[in-house]
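Asker: Sequence plus the predicted model coming up.
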Amino acid sequence: MAFDDLPPLAQIPGLGQLRPDAPAYTAMALEKSRAVAERSRTALDVPYGPDYWQKVDFYLPDDTALRRLPIFLMLHGGGFIRGYKEWVGFQAPTITSLPAIYVAVSYRLAPAAKVPTIVEDCYSAVKLVYDRAHRYGGDRNRIFIGGHSAGAILAAYLALRPDGATAHGMPADVIKGCFPVAGVYNLDPAWIPPDTVLATVFPQLFERAADGPAFSPITHTAGNTTPFFVSWGDRDTPYVIESSEAFVKALAAASGPVERHVWPGFGHFEAHSALEHIEDPWVQTLRRWMAGPPQSR
């Protein structure tokens, strides 16, 4: 079950130099998430496909009588070739206390799976939640999504592609708001700076490097109506900051509501760690939007 059968993760060459704080962060996230799962009402390892990685964890409010609750799905990071859904469960109490439902999502990892397979997994996870929301007291018409790092890229892409939702048997507006954290939203190999995690993993991510722009969230912002809350730390790597600023600017040119939040003094992992604190502006905004999302301009 969740936490007890986690396979070893692939190593990203140079990760120790590129993200020296990664080991401490992932160990912390796993330990805190396990503690949250042990004291929470949950439905763990719910499959949306036959592969080991095709699973989600539901974190639920204690009151079993609650119905029509909003739902938030969180996609983990890890550079597309590492990561567990068990890295993100630690923030569940800030959501379930609303009350709402928190869903931690895993997906198949590169290089065994590549884009678009990884993207298809994320759509399938949303579809599972949409189809089964009522079983857990959720409202399938109040689904929100977010992610950290690689998960932020995936969440943003899903939120910007209503055609993808309809292709998977869901309403075009199934995602009512998107909360990406510390993402890179331009996957054009000509733009990705060398000596970064994304540049290192890029050859393992796509069947064809030329597919990068087509799966870049920033490519699909025109005409967007989905509300976005884009966040990052001001001590993150320069390309995360540059990409996030450009993404907010592109979203602002569309008709959907968009807000930005920058954590002062926070790096790549500190921005995600902040999400366990109910007073954090990111958490407060998500809770407010789940109660009543902003309207398009």
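Answerer: Arrived safely. Numbering: from 1, shown residues only.
Asker: Mind checking what secondary structure the spatially closest residue to Gly212 that is not a sequence neighbour has?
Answerer: Nearest non-adjacent residue to Gly212, counting by Cβ to Cβ, 6 or more residues apart in numbering: Leu187, 4.0 Å away. The way it works is simple: take the backbone N, C-alpha and C, and place the C-beta from them, glycine included. Assigned by DSSP: H, G, I helix; E, B strand; the rest coil, the conformation of Leu187 is coil.
Asker: Quick one: residues contacting Leu187.
Answerer: 153, 198, 202, 212-213, 215-216 (Cβ atoms under 8 Å, 6 or more residues apart in numbering).
Asker: Secondary structure, pLDDT and distance to Ala110 added to those residues, as CSV?
Answerer: Formatted as CSV, the contacts of Leu187 follow (DSSP: H, G, I helix; E, B strand; the rest coil; pLDDT from 0 to 100; distance: Cβ to Cβ, whole Å):
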residue, secondary structure, pLDDT, distance to Ala110
Ile153, helix, 98, 13
Leu198, helix, 91, 12
Phe202, helix, 93, 10
Gly212, coil, 96, 13
Pro213, helix, 96, 18
Phe215, helix, 97, 13
Ser216, coil, 98, 16
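Asker: longest strand in the protein, by residue count?
Answerer: strand 138-148 (DSSP state E).
Asker: circling back to that earlier point, now the buried members of the contacts of Leu187.
Answerer: Buried by 16 or more other Cβ atoms under 10 Å: 153, 198, 202, 212, 215-216, out of the contacts of Leu187.
Asker: pLDDT below threshold where in this protein?
Answerer: 1, 16, 297 (pLDDT under 70).
Asker: quick revisit: list the buried residues in the longest strand of the chain.
Answerer: So, applying 16+ other Cβ under 10 Å, buried residues of strand 138-148: 138-140, 142-148.
Asker: now stretch 219-234
Answerer: The neighbour-count check on stretch 219-234 (16+ other Cβ under 10 Å) flags 219-221, 224, 226-233 as buried.
Asker: is the residue positioned nearest the centre of the chain in a bridge, and if so with what?
Answerer: In the chain, the centroid-proximal residue (Cα atoms, centre = their mean) is Gly147; its distance is 1.7 Å. Beta-bridge partners for Gly147, by DSSP bridges, are Leu75, Pro180.
Asker: I'd like to know how far it sits from Pro264.
Answerer: 22 Å (Cβ to Cβ, to the nearest Å).
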